[in-house]
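Asker: Structure, please.
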Amino acid sequence: MIEVPDKYRDAVTFAFGDSPTLADELLALVLAGKKTATCAALRDYAEDNADKPVVGRRDVVLDGAGRPAAVIETVEVTYRRFDEVDDAFARDEGEGEATLEQWRRDHETYFRRNGGFAPDMDLLCERFRLVEILKR
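Answerer: So this is what the prediction gives:
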């Protein structure tokens, strides 16, 4: 069972990425203030929209071991195609060199191993702020 502080008991919990190693790497970027955005394939969300982020919602981010590590608050949600992602969003994702070229390479690889990739695929793009670092 995940031990979440009482004030976040009803929050959505999730880990970044698709492996414990990637979850820890991306969490470290969030904690360092380098990662303030993320995206996902729109196809990965439920049709009822229940799991989509919304502005003002606070989520608990898990580390690679599944422990609550941080709380983030969604500050912006946009929808765009993969090939419409711009330099500013790539920079805000904060990964690697934080360039659009690297963002495209890394995310194409990620989407290919997680359900498929197309340059015109729809993405849900989220900007967030770090609210709290949780004691682990």
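Asker: Only C-alpha atoms from now on, for both contacts and neighbour counts.
Answerer: Will do.
Asker: Which neighbours in the sheet does the strand ranked longest in the chain have, and how are they oriented?
Answerer: In the chain, assigned by DSSP state E, the strand with the most residues is strand 68-81. Applying DSSP bridges, strand 68-81 is found paired with strand 58-62 (antiparallel), strand 122-133 (antiparallel).
Asker: Check the offset of the last one from the chain's centre.
Answerer: Right, the one you point to is strand 122-133. Relative to its parent chain, strand 122-133 has a centroid offset of 6 Å by Cα atoms, centre = their mean, to the nearest Å.
Asker: now stretch 120-131
Answerer: That offset, for stretch 120-131, works out to 7 Å (Cα atoms, centre = their mean).
Asker: The closest residue in space to Ala98 that isn't next to it in sequence sits in which helix or strand?
Answerer: Spatially, and ignoring its direct neighbours in sequence, Ala98 is nearest to Arg91 (4.5 Å; Cα to Cα, 6 or more residues apart in numbering). Arg91 is part of helix 87-93 when elements are defined by DSSP states H and E.
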